[in-house]
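**Q** Predicted model follows, preceded by the sequence.
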2 protein chains.
Amino acid sequence: MSDDAEARHVVGRVTITDVAREAGVSVATVSKVVNGRYGVAPGTFERVMAIVTRLGYETSLVASSLRRRQTNVIGVLVTEFEPYSAELLKGIGAAAHGTGYELLAYSGWADDAPPVGWERRSLSRLAGTLIDGAILVTPTVLLPDTSIPVVAIDPHTGSGGPSTIDSDNVGGARAATEHLIALGHTRIAHLRGRADLESSRLREAGYRDALQAAGLPHDPALVLAGDYRHADGASSARLLLQRPDRPTAIFAANDLSALGAMSAARELGLRVPQDVSIIGFDDIPEAARGRLSTIAQPLHEMGAMALRMLVGQLAGGAAEQQHGHLSAELIVRDTTAAPPAL
Amino acid sequence: MSDDAEARHVVGRVTITDVAREAGVSVATVSKVVNGRYGVAPGTFERVMAIVTRLGYETSLVASSLRRRQTNVIGVLVTEFEPYSAELLKGIGAAAHGTGYELLAYSGWADDAPPVGWERRSLSRLAGTLIDGAILVTPTVLLPDTSIPVVAIDPHTGSGGPSTIDSDNVGGARAATEHLIALGHTRIAHLRGRADLESSRLREAGYRDALQAAGLPHDPALVLAGDYRHADGASSARLLLQRPDRPTAIFAANDLSALGAMSAARELGLRVPQDVSIIGFDDIPEAARGRLSTIAQPLHEMGAMALRMLVGQLAGGAAEQQHGHLSAELIVRDTTAAPPAL
DNA sequence: GTGAAAGCGCTAACAC
DNA sequence: GTGTTAGCGCTTTCAC
């Protein structure tokens, strides 16, 4: 049984050298066996395989990827694991089944604040060695020429860089604002998204479009930063709702900040939607839970499309950069209604 | 400007050697500069840093982790990115902020079926090199002694192995079943979870407990496999609901299979909850969206607790193995009601 | 203060 | 068929 070796063995620390020593062959032979290369005697093969199984040896991703050209691993680079990227991840994961690619989601946010240029840093740290291709979620800086195929979801810039996926930000924002206008609102505030993202700019543009089309005045005092985050949405909404001439409706650039606005309204003793209507953007699961009216982006499909595009690039060599543009759709739930009577 | 080097440079392929050559120093010196080691002349430091910035050099995670002892990266090993693990990931990610640890979620499912023993394989491939510690989500095999600290969430076995986190599976299942009984149901079916997980066994035990406590007969024909998956839940529910003496309520071992059961009911022309009540377990976001009654596990908190435990182990050396046990709570939504009148 | 050299675990040529 | 060797990119003694 030679249980000593087995008992002492420890996962992840069994190296190819251990196997070689135990089997009485060279590491090269073990490598050939493990990778199914030709030129190994059947007897040797069996013997080595037995040891491999007994010791529970697995080749180290790190070591082999350092030496090899490819790893069959696709990286998903995110700032953090929040609802938005989690939804994308589900779509990416579902689409990855059966492609032969493994998935590795990486969040290089170790300190208190997200490092600027995290996506460049993460990409540099992983590309060329650990991952064969990458899906970047909301990258904020312009990427230089990359060594590996990259697809960006909701990127900083709409074009010029890598392949991209986004949804109809302008149309969605317009639909949200038009919905509020149709309900009878005339003082509609907007909580902006992250300044470094193209989607923010586009959603604000859609908001203005709708206002203008309806002949409503655009009051700059009603447009505040929301930063796509719960806390920022809450604090800006607080400011907005404490004004004597407070808006009767708020269009937040994403669901997280809309949810923040809802907390703020509640704190202030305002009822949603009776006193103030709130609508978001994204349709993350938390929006459904909070019965938040919103603009739905097909997040799963966006993730799946990114994965398929990337696999295509990986397989087909240097294909042209592509741009996927999906539609966004109004979902009316319980947080939007007619404005309070005067 | 020496723009040539810059223009030609490619992310991820800039190596320490490139920097050294460009700066006219050795790679050892560059390494010292980049890692902030002492013993470098201020002038050299400046010069090297300038090149590093210009070329956009970042040390390769792979290469450095192969050489170094630690990486400051925590691995989250999952079978796939489905709603359950995505929720845990959110909690883990939130708790990781400010700890100095980066997160790397890995799903080693490349082919059509999840490989047996994937967690052992993934752990072996990453431990000791890429990651300093790991959080394993629903590991199905008993893990041998591991080389790195490990915390398992909802593991195969409740004890004996690594530190674990789970919720009150028995109590939750009992509460779900009691809720149905209180509504007046007497023929209550159960969709089992994955056979290789302890949580499945415990939830079934809770179901039986509640039945027995209420003096209700236990009909083995009403207990089918659900496998924690949508498709399996649907097909088993179809079988159940096509019986002449079909149950009036179904307790599914998790939300995904409960959602599957709902699809099946709808296909069969049955209304939920008027014709059949359905309750799940987990409270994933999709449950709220579908207005599914369920037992809520504090998934974010479970993830956060796992992260904190792991960081504790990483910092404090070989602490004793710990076991976190959180409570589960009944959430009544729109899929459970009194049974149809006879 | 700096560089040469060894080596982390692995794979791929190339000898034998 | 099998072993020897070089080297992937990096960090770390240890000379100089």
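**A** Happy to help now that I have it. Numbering: from 1, shown residues only, chains lettered A, B, ... in the order given.
**Q** host element of the spatially most central residue of chain A?
**A** In chain A, the residue lying closest to the centroid (CA atoms, centre = their mean) is A:Ser85, at 3.0 Å. In the assignment (DSSP states H and E), A:Ser85 maps to helix A:83-96.
**Q** Kindly export that helix (C-alpha atoms) in PDB.
**A** This file holds the C-alpha atoms of helix A:83-96, laid out as PDB (Å, rounded to 0.1, in the frame of the first residue of the first chain):
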ATOM      1  CA  PRO A  83     -24.800  42.400  -9.200                       C
ATOM      2  CA  TYR A  84     -24.100  43.700 -12.700                       C
ATOM      3  CA  SER A  85     -20.900  41.700 -13.300                       C
ATOM      4  CA  ALA A  86     -22.400  38.700 -11.500                       C
ATOM      5  CA  GLU A  87     -25.300  38.600 -14.100                       C
ATOM      6  CA  LEU A  88     -22.900  38.800 -17.000                       C
ATOM      7  CA  LEU A  89     -20.800  36.000 -15.400                       C
ATOM      8  CA  LYS A  90     -23.900  33.800 -15.400                       C
ATOM      9  CA  GLY A  91     -24.400  34.400 -19.100                       C
ATOM     10  CA  ILE A  92     -20.700  33.900 -19.900                       C
ATOM     11  CA  GLY A  93     -20.600  30.700 -17.900                       C
ATOM     12  CA  ALA A  94     -23.600  29.200 -19.600                       C
ATOM     13  CA  ALA A  95     -22.200  30.000 -23.000                       C
ATOM     14  CA  ALA A  96     -18.800  28.500 -22.100                       C
END
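**Q** Hmm, A:His325 is touching A:Asp166, no?
**A** Yes. Between A:His325 and A:Asp166 there is a contact at 6.2 Å, judged by CB atoms under 8 Å. (C-beta placed from N, C-alpha, C; glycine too.)
**Q** Between those two, which has more neighbouring residues?
**A** The residue with more neighbours, out of A:His325 and A:Asp166, is A:Asp166; 20 against 12, by other CB atoms under 10 Å in any protein chain shown.
**Q** Enumerate the residues of the stretch 201-342 of chain A near chain B.
**A** The stretch 201-342 of chain A comes close to chain B at residues A:Ile284, A:Pro285, A:Glu286, A:Ala288, A:Arg289, as judged by CB under 8 Å from any CB of the partner chain.
**Q** Type out the PyMOL command that picks the buried ones from those residues.
**A** Buried subset of these, written as a PyMOL selection, criterion 16 or more other CB atoms under 10 Å in any protein chain shown:
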select buried, chain A and resi 284+285+286+288
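**Q** Out of the residues of the stretch 201-342 of chain A next to chain B, which sit inside helices?
**A** Mapping those onto helices (DSSP state H) picks out A:Pro285, A:Glu286, A:Ala288, A:Arg289.
**Q** Spell out, range by range, the strands that occur in chain A.
**A** A:73-78, A:102-107, A:133-137, A:150-153, A:163-167, A:188-192, A:223-225, A:249-252, A:277-279, A:294-296, A:323-326, A:329-331 (DSSP state E).
**Q** Return the most buried member of those strands.
**A** Highest mean neighbour count of those: strand A:249-252, a mean of 32 (counted as mean count of other CB atoms under 10 Å in any protein chain shown).
**Q** is it true that A:Ala127 touches A:Ser147?
**A** Yes. Between A:Ala127 and A:Ser147 there is a contact under CB under 8 Å: 5.5 Å.
**Q** so what's the closest residue to chain B within the stretch 201-342 of chain A up against?
**A** Chain B sits closest to A:Pro285 of the stretch 201-342 of chain A, with a gap of 2.7 Å, by CB to the nearest CB. A:Pro285 sits next to A:Pro83, A:Glu87, B:Pro83, B:Ile284, B:Pro285, B:Glu286, B:Ala288, B:Arg289 when contact means CB atoms under 8 Å, 6 or more residues apart in numbering or on different chains.
**Q** In terms of pLDDT, where does the fourth one sit?
**A** At B:Ile284, the pLDDT value in this model is 96.
**Q** For it, give me its contacts.
**A** A:Pro285, B:Pro83, B:Tyr84, B:Glu87, B:Asp255, B:Leu256, B:Leu299.
**Q** neighbour-wise, which of those residues leads?
**A** B:Asp255 (29 neighbours).
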